[in-house]
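In: Dropping a prediction and its sequence here:
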There are 2 protein chains.
Amino acid sequence: MVKKDKSRRTEILEKAAILFHKKGYSATSVRNIAQEMKMESASLYNHIKSKQEILQAILLPIAHRYTKGIQEISNSPLTSIQQLERIIADQIRITIENIDGVSLIPNEWVHLEKTKERDALKEFLDLRNLYEKEFKKVFKKCIKEGYLRKVNVDIAVFSILSTLRWLYSWYSKNQKINPLVLETELINNLIGGLKKT
Amino acid sequence: MVKKDKSRRTEILEKAAILFHKKGYSATSVRNIAQEMKMESASLYNHIKSKQEILQAILLPIAHRYTKGIQEISNSPLTSIQQLERIIADQIRITIENIDGVSLIPNEWVHLEKTKERDALKEFLDLRNLYEKEFKKVFKKCIKEGYLRKVNVDIAVFSILSTLRWLYSWYSKNQKINPLVLETELINNLIGGLKKT
DNA sequence: GTCTATAAGTCGATAGAC
DNA sequence: GTCTATCGACTTATAGAC
């Protein structure tokens, strides 16, 4: 089976993600994106409806991917601590697969808007809330079943998610590392801790 | 002693930090800042030279504060593990004191520019590199002296700094927490780990 | 599907009256 | 030190020729 050519639209989304990552959504002009595509900015509009639609087309599929992943894992027959480790591993994989897209998740979502087609801001925030709720549920189960210490759940979950949110930044500068080493090391640090016992 | 009136310039920097936090530097216009000050945008220029100067006046003092803090701690006679804990506590304090300003550190520094007066981008990045170098030095000493496990230093330090970088975001939504509880809990999680032993 | 031309608005910043 | 007025550049997006 021959791989289908990358559509022009997909190319635009990829170039845009790189530019948004580098300078942010607001500081990136439609002309900048066109230049990367070696087109005039007017030509872009044959493939996309607006600059806003580009941002939505990058961010929302990633947000859906995260939520789908955590739901599948938390509905699986794994033990709670295994689920927690899998959820962390899943986030690491999503990040490595699409650094530029994922890099927009922590901050650039604020530029999502409600458009005629969809309320992208609400859609994103709903998915994010669902994800955090699911994450905390699994985390609490790990405590209840005696896998983890009785820590403050809000603080501990925030701390783990912070590391995962910033992974894109670290990974862009350290791409040579073996992803499986990264996965193992990170899970050990985040859950096991650093202190010598 | 009577507290000196807040200068008009300081007010501008505070309002600007809030807006930059909310929408980012690029998406915030000089007119937006003026509106918060209940002035016309032209009037702002009696207090500041340019929009860029505002960003520099917010970010660079914070960057200097971080670096000064870590250097004082790492030159103190504390043990390496005590230094590490103090460094983390210092970051938490800086964040709580100035959430809006600190919120710009992770991402908005990319909009710093070289101006006639100073090369703000270079200045910032030099300070950041110095900070990370110092942090890793202390961390390595903790391993060498047997306080911490022999983990991958780059990954572990990135992970800790990620949590501290994102603290502003979590704290803005959880300001009711006792800062000392936050400090203790976070240091325990980051260094001690979550696993039940 | 790409182009040129351009609309309609916003941007940061300045000049000069008061 | 604040205002009105305005400059010139840049913004997203559209119209219409090819």
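Out: On my side now, so go ahead. Numbers count the residues shown, from 1 in each chain, chains lettered A, B, ... in the order given.
In: what's around the residue in chain A positioned nearest to chain B, how many residues?
Out: Closest approach between chain A and chain B, counting by Cβ to the nearest Cβ: A:G193, at 1.3 Å. Where C-beta positions appear, they are placed from N, C-alpha and C, glycine not excepted. Look at A:G193: counted by other Cβ atoms under 10 Å in any protein chain shown, it has 22 neighbours.
In: Please report phi then psi for it.
Out: Main-chain dihedrals, A:G193, degrees, to the nearest 10: phi 90, psi 170.
In: Same check on the one 3 residues further on?
Out: For A:K196, the backbone dihedrals are phi -70, psi 140 (criterion: degrees, to the nearest 10).
In: For chain A, what lies in contact range of DNA strand C?
Out: Residues of chain A found near DNA strand C (Cβ under 7 Å from any atom of the strand) are A:8, A:38-40, A:42-43, A:46-47.
In: Out of those residues, which end up buried?
Out: Among these, those classed as buried by 16 or more other Cβ atoms under 10 Å in any protein chain shown are A:39, A:47.
In: from the residues of chain A next to DNA strand C, which ones fall inside helices?
Out: In helices, judged by DSSP state H, the following of the residues of chain A next to DNA strand C are found: A:8, A:42-43.
In: near DNA strand D, from those residues?
Out: Among these, the residues within reach of DNA strand D (Cβ under 7 Å from any atom of the strand) are A:A42.
In: any chance of the ones in helices among the residues of chain A next to DNA strand C in TSV, with pLDDT and distance to chain B too?
Out: TSV is the format used below for those (pLDDT from 0 to 100; distance: Cβ to the nearest Cβ, whole Å):
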residue	pLDDT	distance to chain B
A:R8	95	27
A:A42	98	23
A:S43	98	24
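In: Let me know the helix or strand that the residue nearest the centre of chain A is in.
Out: Central residue of chain A (Cα atoms, centre = their mean): A:V102, 4.0 Å from the mean position. Using DSSP states H and E, the element containing A:V102 is helix A:99-103.
In: And that helix, how far out from the chain middle?
Out: For helix A:99-103, the separation from the chain centroid amounts to 7 Å (computed by Cα atoms, centre = their mean, to the nearest Å).
In: Quick one: name the residues of chain A near DNA strand D.
Out: Taking Cβ under 7 Å from any atom of the strand as the criterion, chain A approaches DNA strand D at residues A:28-32, A:41-42, A:45, A:49-52.
In: ok now do A:T197, which residues does it touch?
Out: Going by Cβ atoms under 8 Å, 6 or more residues apart in numbering or on different chains, A:T197 touches B:T197.
In: Return the distance of it relative to DNA strand C.
Out: 53 Å (Cβ to the nearest atom of the strand, to the nearest Å).
In: swap in A:I88?
Out: From A:I88 to DNA strand C the distance is 40 Å (Cβ to the nearest atom of the strand).
In: again with A:S50
Out: From A:S50 to DNA strand C the distance is 13 Å (Cβ to the nearest atom of the strand).
In: Identify the residue spatially nearest to that residue, adjacent ones excluded.
Out: Nearest non-adjacent residue to A:S50, counting by Cβ to Cβ, 6 or more residues apart in numbering or on different chains: A:T115, 7.7 Å away.
In: for A:W170, same thing?
Out: Nearest one to A:W170, counting by Cβ to Cβ, 6+ apart, is B:F158 at 4.4 Å.
In: Let me see the ranges of the helices in chain A.
Out: A:8-23, A:30-36, A:41-44, A:51-74, A:80-97, A:99-103, A:120-144, A:153-173, A:179-187.
In: Now do the fourth one against helix A:153-173, angle only.
Out: This points to helix A:51-74. 120 degrees (axes from the mean of the first three to the mean of the last three Cα atoms, to 10 degrees).
In: Identify each buried residue in helix A:51-74, please.
Out: For helix A:51-74, the neighbour count (16+ other Cβ under 10 Å) marks A:51-60, A:62-63, A:65-67, A:69-70, A:73-74 as buried.
In: next one: the longest one
Out: In terms of neighbour count (16+ other Cβ under 10 Å), helix A:120-144 has its buried residues at A:120-121, A:123-124, A:127, A:131, A:134-135, A:138-139, A:141-143.
In: Next, the angle from that helix to helix A:153-173.
Out: Counting by the same axes, to 10 degrees, helix A:120-144 lies at 120 degrees to helix A:153-173.
In: Please name the residues that touch A:G192.
Out: A:G192 touches B:193-195, counting by Cβ under 8 Å, 6+ apart.
In: what about chain A, any weak spots by pLDDT?
Out: Applying pLDDT under 70 to chain A flags the ranges A:1-5.
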